[in-house]
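Visitor: I'd like to go over a predicted model; first the sequence, then the structure.
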Amino acid sequence: MSLRLDWCSYTAAKYAVEHWHYSKTMPVNKTVRLGVWEDDKFIGAVIFSCGSAGVGGIGKSLGMANTQIVELSRVALQGHQSPVTRIVKVALRLLAERNPGLVLVVSYADPEHGHVGAIYQAGNWIYTGRSAKDKAYIDASGRRWHSRSVSESGYKVHCGIRTRCPKPSTMREVDVEPKYRYMMPLTPAARQRIEPLRKPYPKRSECDSSTAAFHAAGGGATPTRTLQENT
């Protein structure tokens, strides 16, 4: 069995997320996307994003610029043979090679979906605690919106791009359980700065112990070659 990761189009990544990730939605901010193939069959995507408020807060506390930090936002895979830790490791290497200015990758495990970050623990990421308390908003169709994706002005700016968004006053507000935060330094200097923040890993839950639970993996369709090509 051969494993290959390569840069892929937004369309291919969106297909993977909508079919094989529990969120069913792409990040709203700018993304960097890597497609994943086993034996030349498209099986999913690893998606990094930039410019979130969370990343900005982390950068400020660590004395790093936002442009030096990126978030691992989605690992969307259907049934696969390669360990997820290997897929993520290759994705990190390719990301660092193409973006030498990056020094840190941050990711979050969502306890509301039974996750504590098993793949990050297996990959020796540094666990630094839980995120701050937050709110989410449910619109009339039942879609859930993150607090960073709504504004009473009706507009949000992501990576310098102004886009329309829903107003929180028109939706139902719900509490969001803090997420588990993991960090992966990409340089020796960043590791030296982040390592003192390491905390004991949270315990695994039964839901988080399997790859399928994390990715909401499913079988079936494969995008056409057009969707797999880079853009």
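Guide: Looks like it arrived, so ask away.

Visitor: CA only for contacts and neighbour counts going forward, please
Guide: Will do.

Visitor: residue closest to the middle of this protein?
Guide: By C-alpha atoms, centre = their mean, the chain has its centre lying nearest to residue 73, at 1.1 Å.

Visitor: leaving out the residues flanking it, which one is nearest to it?
Guide: Excluding the flanking residues, the one nearest residue 73 by C-alpha to C-alpha, 6 or more residues apart in numbering is residue 48, at 5.3 Å.

Visitor: now swap in residue 71 and tell me
Guide: residue 106 (4.7 Å).

Visitor: pull the contacting residues for that neighbour.
Guide: 55, 69-72, 181-184 (C-alpha atoms under 8 Å, 6 or more residues apart in numbering).

Visitor: could the residues you listed go into TSV alongside secondary structure?
Guide: Converted to TSV, the contacts of residue 106 look like this (DSSP: H, G, I helix; E, B strand; the rest coil):
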residue	secondary structure
55	helix
69	strand
70	strand
71	strand
72	strand
181	strand
182	strand
183	strand
184	strand
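
Visitor: for the residue nearest to residue 71, give me phi and psi.
Guide: The phi and psi values for residue 106, taken as degrees, to the nearest 10, are phi -120, psi 140.

Visitor: hey, what's it bridged with?
Guide: Per DSSP bridges, the residues bridged to residue 106 are residue 71, residue 183.

Visitor: domain assignment for the protein?
Guide: 3-131+178-228, 133-177 (automatic domain parsing).

Visitor: all strands of this structure, in order?
Guide: Secondary structure of the chain by DSSP state E: the strands cover 3-7, 31-38, 41-49, 69-77, 104-109, 126-130, 134-138, 144-146, 155-158, 161-164, 172-176, 180-185.

Visitor: so for residue 17, which of these sits nearest?
Guide: With distances scored as C-alpha to C-alpha, the stretch of the strands of the chain nearest to residue 17 is strand 69-77 (5.3 Å).

Visitor: rebuild the domains of the chain as TSV, extending it with mean pLDDT.
Guide: TSV is the format used below for the domains of the chain (pLDDT from 0 to 100):
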stretch	mean pLDDT
domain 3-131+178-228	84
domain 133-177	81
